[in-house]
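# sequence first, predicted model second:
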Amino acid sequence: MGKNLIQQARGKGGPRYRAPSFRWKGDAGFGKLKNANAKILDIITSQGHAPLMRVLSDDGEKILVQAPEGIYVGQEITFGDQAQLKNGNVLALKDIPEGTAVFNIEGIPGDGGKFVKTCGSSAKVVSKANNRVSVLLPSNKTKVFLSECRACIGSVAGGGITEKPFLKAGTKYHAKRSKNKLFPIVCGVAMNSVDHPFGGKSTNSKGRPTQSSRNAPPGRKVGKIAPRRTGRKKR
């Protein structure tokens, strides 16, 4: 009897495939701060996050926020419509001029930020119309947000992390393990026949086809899913 495929085990949602959030420093976001001043207490490292900064507001609330590039401990930042257009300040999109670089954009007003949170990334405010703000995302796609959604000015810290080579497989393994990602990835033809429909020591070209029906059961739905055509086109 065959074993479950990796995508089947991931869909079940066991601990091997869940994000290990118990190792993280906490939830990062804007908290409940509306119009407040805050001071940066520390810049910390957290697995699964870009660099975070721990801030203390005037009313004594401590929160974790995505750290922008160029921030430093002891700096004052401002939340709300009275904030200046300065690196690290948090404003509503309606109060941010067009062409400004922003990150950690809220999808729904008050959710703390859901978009543009990876190291070194930033988006750009493009246009405003009818209580909506268009933002150019790092993927070069334009997304429309409500004008009340908040965002942080600047770009996320840690932008050079992707330029550093891993050099060793062990380094890549530990980087993946911090988010419970599988490494190394093994192709189906290299597996045993009990682990994958394409597995086994017989030749790859014989036996099972690489196409699968759209209605195939989960253990068989691998390879090319309901392709319109396969192979090279005729000249």
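Noted; the coordinates are in hand. Just so you know, these numbers come straight off a predicted model, no measurement behind them.
# so for the longest strand seen in the chain, mean pLDDT?
Identified as the longest strand of the chain according to DSSP state E is strand 36-44. What strand 36-44 shows for mean pLDDT is 93.
# quick one: low-confidence ranges for the chain?
Residue ranges of the chain with pLDDT under 70: 1, 203-208.
# show me where it has helices.
Secondary structure of the chain (DSSP state H): helices at 6-12, 169-177.
# other residues contacting the first one?
Counting contacts by Cβ atoms under 8 Å, 6 or more residues apart in numbering, the residues outside helix 6-12 that touch it are 4, 16-17, 182, 218-219. For glycine as for every other residue, the C-beta is placed from the backbone atoms N, C-alpha and C.
# how about 7 Å then?
For helix 6-12, contacts defined as Cβ atoms under 7 Å, 6 or more residues apart in numbering pick out 17, 218-219.
# next: the longest one.
Around helix 169-177, the neighbours that count as contacts under Cβ under 7 Å, 6+ apart are 166, 183.
# from the contacts of helix 6-12, which is closest to residue 209?
The nearest member of those to residue 209, counting by Cβ to Cβ, is residue 219 at 15.4 Å.
# need the contact list for that closest one.
Contacts of residue 219 (Cβ under 7 Å, 6+ apart): 2, 5, 8.
# before we move on, the earlier item: need the contacts of helix 6-12 in a markdown table (columns: distance to residue 144).
Putting these into a markdown table (distance: Cβ to Cβ, whole Å) gives the following:
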| residue | distance to residue 144 |
| --- | --- |
| 17 | 33 |
| 218 | 36 |
| 219 | 41 |
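# PyMOL command for the buried members of the contacts of residue 219?
Per 16 or more other Cβ atoms under 10 Å, the buried members of the contacts of residue 219 correspond to this PyMOL selection:
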select buried, resi 5
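# could I get the contacts of residue 219 as JSON lines with distance to residue 157?
Below are the contacts of residue 219 laid out as JSON lines (distance: Cβ to Cβ, whole Å):
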{"residue": "2", "distance to residue 157": "46"}
{"residue": "5", "distance to residue 157": "38"}
{"residue": "8", "distance to residue 157": "38"}
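# re the thing from before, nearest to residue 69, out of the helices of the chain?
helix 169-177 (21.2 Å).
# thinking again about what came up before, out of the helices of the chain, flag the one nearest residue 30.
Here helix 169-177 is closest among these (Cβ to Cβ), at 27.8 Å.
# alpha carbons only: can I get the closest one in PDB?
Output of helix 169-177 as PDB, limited to C-alpha atoms (Å, rounded to 0.1, in the frame of the first residue of the first chain):
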ATOM      1  CA  ALA A 169      23.500  22.800   2.200                       C
ATOM      2  CA  GLY A 170      23.400  22.800   6.000                       C
ATOM      3  CA  THR A 171      22.900  26.600   6.100                       C
ATOM      4  CA  LYS A 172      20.000  26.300   3.700                       C
ATOM      5  CA  TYR A 173      18.500  23.500   5.800                       C
ATOM      6  CA  HIS A 174      18.500  25.600   9.000                       C
ATOM      7  CA  ALA A 175      17.100  28.600   7.100                       C
ATOM      8  CA  LYS A 176      14.200  26.500   5.800                       C
ATOM      9  CA  ARG A 177      13.700  24.800   9.100                       C
END
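# test my guess that residue 48 contacts residue 181.
No: between residue 48 and residue 181 there is no contact under Cβ atoms under 7 Å: 10.7 Å.
# how far does stretch 22-33 sit from its chain's centre?
Counting by Cα atoms, centre = their mean, to the nearest Å, stretch 22-33 is centred 15 Å from the centre of its parent chain.
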